[in-house]
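got a sequence here, can you model it:
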Amino acid sequence: MQIPEIPNLIHFAIPFFVVTIVIEVILTVKVKMEGYDYKDAGTSILMGLGNVIIGLFTKAITLSLFYVLYNFYHAFTIPFVWWSWLILLFAEDLCYYWFHRISHESRFFWASHVVHHSSKEYNLSTALRQTWSGGFYTFIFWFPLIFIGFHPIMVLVQMSVSLIYQYWIHTELIHKMPKWFEAIFNTPSHHRVHHATNPQYLDRNHAGIFIIWDRMFGTFEPEVEKPVYGLVKDIDTYNPIKVAFMEWYAMLKDFLTFKTSLINRFNYLFKPPGWKHDGSSVLSSDLRKQWEEKNKTNG
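The predicted structure is shown next:
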């Protein structure tokens, strides 16, 4: 099978990221007459640069493992043609949905994903606040695509396309897209919900490109009240090293120091963020349930 030469799309997109962030800063400060947290944006940009640099290694690891699996077994030999890219667009996005959803439901994956949610701001620079550790292990969610028969290069390219698409939805300057677009695609409105700490918004709208997965699997929530961004318990730091590794430290500390059974120790790794072995857990699902009961009573 002939494999076309495909450039690194993320690297080519960096100048676009820079220009659009500058434009957003001007519009936010001059048009909306609001401040722009430059320290927060600086941290996000540093996290993004670190992600790109580390990505030189993690993408090599990912591609190598994809090739190993592909050469070991793939059900079909899918060519580099237009229809295969169209199928992959949806198939890869479904993999992304489950990766993203599980990253909120399992602390081991949340430890890397929490980086992206650690900002209390919501703007284009927030899109660049990416993990430094996730690239070493989260690629497992895309293994099914390799086993089906999508070429490793195709999968890696589509993963980059998805990441680039999600850049523009990190803004408050776009209120709503047309109704048909909002019904099918992930939008700034849908993704603002995902980044919010309002109880009804927690762990909702995990979409990458298509919001249809959230609608299908019961995790969709429309934007109604104004989102409050950040974490349920904010980390309050601009230090990129702390942002990158604070949850790893906290998780391993819980795993190693609590005097409890071995099973409970591992539960600190794989149960949802906030889980406690002594029954004092307050999970996102608990906060949402409390909100639902409160609104049901008030209704």
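
all contacts plus neighbour counts: C-alpha atoms, from now on.
Will do.

so which residue is dead centre in this protein?
residue 100 (5.5 Å; C-alpha atoms, centre = their mean).

what score does the residue nearest to that residue when sequence neighbours are not counted have for pLDDT?
Counting by C-alpha to C-alpha, 6 or more residues apart in numbering, the nearest residue to residue 100 once its immediate chain neighbours are dropped is residue 206, at 5.8 Å. pLDDT recorded at residue 206 is 98.

tell me the spacing between residue 206 and residue 101.
Taking C-alpha to C-alpha, to the nearest Å as the measure, residue 206 falls 6 Å from residue 101.

now the strands for the stretch 51-200 of the chain?
Listed in chain order, the stretch 51-200 of the chain contains no strands at all (DSSP state E, counting those that start in this stretch).

okay, now residue 86: neighbour count?
With neighbours defined by other C-alpha atoms under 10 Å, the count for residue 86 comes to 10.

typed the wrong thing, it's residue 124
Using other C-alpha under 10 Å, residue 124 has 26 other residues around it.

hang on, isn't it packed against residue 164?
No: counting by C-alpha atoms under 8 Å, residue 164 is not a contact partner of residue 124; they are 11.6 Å apart.

quick revisit: contact partners for the residue nearest to residue 100?
Counting by C-alpha atoms under 8 Å, 6 or more residues apart in numbering, residue 206 makes contact with 97, 100-101, 194, 214, 219.

any idea how far residue 93 is from the closest residue in space to residue 99 that isn't next to it in sequence?
In this structure, residue 99 finds its nearest non-sequential neighbour in residue 141, 5.8 Å apart by C-alpha to C-alpha, 6+ apart. Residue 141 sits at a distance of 11 Å from residue 93 (criterion: C-alpha to C-alpha).

more crowded one of these two?
More neighbours surround residue 93 than the other of residue 141 and residue 93, with 21 against 17 (other C-alpha under 10 Å).

chain neighbours aside, what residue packs nearest to the more buried one?
Closest residue to residue 93 in three dimensions, ignoring its sequence neighbours and counting by C-alpha to C-alpha, 6+ apart: residue 208, at 6.1 Å.

what about the one you found, how many neighbours?
Residue 208 is flanked by 23 other residues according to other C-alpha under 10 Å.

got it, and residue 101?
In terms of burial, residue 101 registers 20 neighbours under the definition other C-alpha under 10 Å.

that one reaches residue 203, doesn't it?
Yes: in this structure, residue 101 sits in contact with residue 203. The criterion is C-alpha under 8 Å, and the distance is 7.4 Å.

pLDDT weak spots in this protein?
Low-confidence regions of the chain, defined here as pLDDT under 70, cover residues 1-7, 29-35, 297-299.

do I have it right that residue 132 meets residue 50?
Yes: using C-alpha under 8 Å as the test, residue 132 is close enough to residue 50 to be in contact (6.6 Å).

so which of these two has more stuff around it?
Neighbours around residue 132 and residue 50, counted as other C-alpha under 10 Å, are more numerous at residue 132. The numbers are 25 against 18.

from residue 59, how far out is the closest residue in space to that one that isn't next to it in sequence?
With sequence-adjacent residues excluded and distances taken as C-alpha to C-alpha, 6+ apart, residue 132 is closest to residue 51, at 5.2 Å. Using C-alpha to C-alpha, one obtains 11 Å as the distance from residue 51 to residue 59.

again with residue 72
When C-alpha to C-alpha is applied, the distance between residue 72 and residue 59 equals 20 Å.

what do you get for residue 141?
Shown here: residue 141 relative to residue 59, a distance of 14 Å by C-alpha to C-alpha.

for residue 157, same thing?
As for residue 157, its distance to residue 59 is 11 Å (criterion: C-alpha to C-alpha).

counting contacts, what elements does the biggest helix by length in the chain pack onto?
Determined from DSSP state H, the single longest helix within the chain is helix 38-72. Helix 38-72 makes packing contacts with helix 124-127, helix 143-148, helix 152-165, helix 240-257 when contacts are defined by 3 or more C-alpha pairs under 8 Å, 6 or more residues apart in numbering; DSSP states H and E.

so how far is residue 215 from the residue nearest to residue 100?
Applying C-alpha to C-alpha, one obtains 10 Å for the distance of residue 206 from residue 215.

got it, and residue 239?
Here residue 239 is placed at a distance of 37 Å from residue 215 (C-alpha to C-alpha).

residues touching the closest residue to residue 232 other than its chain neighbours, list them.
Counting by C-alpha to C-alpha, 6+ apart, residue 197 is the residue found nearest to residue 232 once chain neighbours are left out, at 5.9 Å. Residues near residue 197 by C-alpha under 8 Å, 6+ apart: 227-232.
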